[in-house]
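>>> pasted the sequence and its predicted model underneath.
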Amino acid sequence: MPTSPLADLAQQTADLLSTISALSTLDALRDAEASLTGKRSILASLQKSLGTLDPEARKAAGAQLQEARRVVEAALEERRALLRRDARQLSLEADRLDLGDVIASDVRWPLAVGHPGLIALTQRELEDVFIGMGFTVADGPEVESDWYNFEALNIPPAHPARGLWDTFYVDLGEPETVVLRTHTSPTQIHLMERAVATDSLPIHSVMPGRCFRRDTPDASHLYSFHQIEGLVVDRGISFGDLAGVIETFTRAYFGPDISSRLRPGYFPFTEPSAEFEVTCTICRGAGCRTCSSSGWLELGGCGMLDPAVLEAVGIDGDQWSGFAFGFGIDRCAQMRHEVSDMRALIENDVRFLGQFS
Ligand SMILES: [Zn+2]
């Protein structure tokens, strides 16, 4: 009886498995693959030799060989997966950056350390001044309904005063008109509503924030700018209190030789209203080109709360009165640091920003 071509299959399979387990890289595995399971492999030549067997024996030997091939191929795939995992691990190790090591190694390269921009710095300084005067700081949304931005502030639809604000409208597909707030004044309405709902009057708050108007940016206008708004609602508040707050703030922020003055003005939500000016920070009141030789620079607007505004939020105007004021944070930064072009405030030029680190 002739020897079966598969007499050594167990040993041959074991040899293949030990060759596979000795493969140490994915490249080596790819190179060895053809000789392990391909057309020139021992498995392929054993397959050919089965042709000499009679059908019965060929069937049994075929099944035996198929099982050996399954075992070898499975070992090969398992090895491939393992080597892939190792390769990935190695690559992660190579890319690993331990910041602890960096610090411990005392490396000194020119690190660029960031810092708040001029607008953020100015906002913080202004908040500090008002906190020192007993105000709290409040925040409000930048996207507002028409009611908060206009109507509750005594500016009904079609009121000519709407022309004072070139408004960005937001289309949310809702019946309600939604705008990017054109001023920080809507936050006053939120504050007063909250105070009424929680029975927590009086209010002494400032509200800094970003506002938007359809302006073409130039040296003195931006489409997005920052305002700080002040609101006081208390018993027995008079116009003298308002003037006192403006003057105290002016000296605290700009310095003791800068003072303020009020001129009659118009705002729909205050009555009476005033525009306030401060001593020109360039010429200190002597008169120069910036202040058109007047010695004064306009900073913001203010006034006593219109009874219609108090009524809109449900505050009893017989018991409570108050005032509001608002001015540009960007304008303060510009005046204090003599920034000639407002666009520098939003352009993120490190040569400009670096001056305020
Ligand atoms: Zn001047």
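On my side now, so go ahead.

>>> hey, let's count contacts and neighbours off CA atoms from now on
Fine.

>>> for whichever helix or strand residue 59 is part of, what is the distance to the chain centroid?
Element membership for residue 59, per DSSP states H and E: helix 55-95. Chain-centre distance of helix 55-95: 51 Å, with Cα atoms, centre = their mean, to the nearest Å.

>>> same for that helix, what does it pack against?
helix 9-22, helix 26-37, helix 42-49 (3 or more Cα pairs under 8 Å, 6 or more residues apart in numbering; DSSP states H and E).

>>> put the alpha carbons of the second one into CSV.
The C-alpha coordinates for helix 26-37 follow below in CSV (Å, rounded to 0.1, in the frame of the first residue of the first chain):
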residue,chain,number,x,y,z
LEU,A,26,3.6,43.1,9.0
ASP,A,27,6.1,43.4,6.1
ALA,A,28,7.5,39.9,6.9
LEU,A,29,4.0,38.5,7.1
ARG,A,30,3.1,40.0,3.7
ASP,A,31,6.3,38.5,2.1
ALA,A,32,5.7,35.1,3.6
GLU,A,33,2.0,34.8,2.8
ALA,A,34,2.4,33.3,-0.7
SER,A,35,4.8,30.6,0.5
LEU,A,36,2.5,29.7,3.4
THR,A,37,-0.9,29.5,1.8
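
>>> what mean pLDDT would you report for it?
The pLDDT scores in helix 26-37 average 90.

>>> got a list of contacts for it?
Contact partners of helix 26-37, identified using Cα atoms under 8 Å, 6 or more residues apart in numbering, comprise 16, 20, 23, 40-44, 69, 72-73, 80, 83-84.

>>> again with the first one
Judged by Cα under 8 Å, 6+ apart, the contacts made with helix 9-22 from elsewhere in the structure are 29, 36, 65, 68, 72, 75-76, 79.

>>> what angle do that helix and helix 26-37 make?
Using axes from the mean of the first three to the mean of the last three Cα atoms, to 10 degrees, the inter-axis angle of helix 9-22 relative to helix 26-37 is 170 degrees.

>>> tell me which of the helices and strands packed on helix 55-95 sits nearest to the ion.
Among the helices and strands packed on helix 55-95, the nearest to the ion by Cα to the ion is helix 26-37 (77.0 Å).

>>> list the buried residues for the closest one?
By neighbour count with 16 or more other Cα atoms under 10 Å, helix 26-37 contains the buried residues 26, 29, 32, 36-37.

>>> cool, stretch 309-327 as well?
309-310, 313, 315, 317, 320-327.

>>> now the end-to-end length of that stretch.
20 Å (Cα to Cα, to the nearest Å).

>>> neighbours of residue 70, how many?
11 (other Cα atoms under 10 Å).

>>> name the element residue 144 belongs to?
Assigned by DSSP H and E, residue 144 belongs to strand 143-145.

>>> this protein: helices as residue ranges?
For the chain, helices defined by DSSP state H occupy the ranges 9-22, 26-37, 42-49, 55-95, 99-104, 118-132, 146-149, 185-197, 239-254, 307-312, 329-337, 350-353.

>>> ok now the second one, how far from the chain's centre?
What that stands for is helix 26-37. Taking Cα atoms, centre = their mean, one finds helix 26-37 lying 52 Å from the centre of the chain it belongs to.
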